[in-house]
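In: attaching a predicted model along with its sequence, questions to come.
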Amino acid sequence: MTNNFHALRAALIARKAKVNGQVIGSPTAAYYWPSATIREFIAILAEHRLANTIIVLLILAHALLPVI
């Protein structure tokens, strides 16, 4: 069990470690939820830096290159 904002990253880490289980999020105070969710989002982006860089480069290439 973890906080609900942390459940996605906890599940990703468990899957990577090949742990057979489920992640259950417990309630988080409303005032804390936005900043914690943003922090978790940034952590996931940082953990998958290479994949995100490739995706951003492909999007930029598609947007900037003329269509043939």
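Out: Arrived safely.

In: what comes up buried for stretch 60-67?
Out: Across stretch 60-67, burial judged by 16 or more other C-beta atoms under 10 Å covers no residue at all. (C-beta placed from N, C-alpha, C; glycine too.)

In: what residues does stretch 7-21 touch?
Out: Residues external to stretch 7-21 that are found in contact with it (C-beta atoms under 8 Å, 6 or more residues apart in numbering): T2, V23, I24, G25, E40, A43, I44, E47.

In: how close does the fifth one get to L60?
Out: This means E40. E40 is 25 Å from L60, where distance means C-beta to C-beta, to the nearest Å.

In: check the first one too.
Out: T2 is 35 Å from L60, where distance means C-beta to C-beta.

In: same check, this time on the last one
Out: Taking C-beta to C-beta as the criterion, E47 is separated from L60 by 22 Å.

In: report the contact partners of the residue nearest in space to the middle of the chain.
Out: Centroid-nearest residue in the chain, with C-alpha atoms, centre = their mean: I44, separated by 3.4 Å. The neighbours of I44, taking C-beta under 8 Å, 6+ apart as the test, are L8, R9, L12.

In: in the helix or strand harbouring it, which residues are buried?
Out: I44 belongs to helix 33-47 when assigned by DSSP states H and E. For helix 33-47, a neighbour-count test (16+ other C-beta under 10 Å) marks T37, E40 as buried.

In: give me the contacts around the lowest-mean-pLDDT helix or strand in the chain.
Out: Within the chain, confidence by mean pLDDT, DSSP states H and E is lowest for strand 2-3 among all helices and strands, at a mean of 80. For strand 2-3, contacts defined as C-beta under 8 Å, 6+ apart pick out A10, V23, I24, G25, S26, T28, A36.
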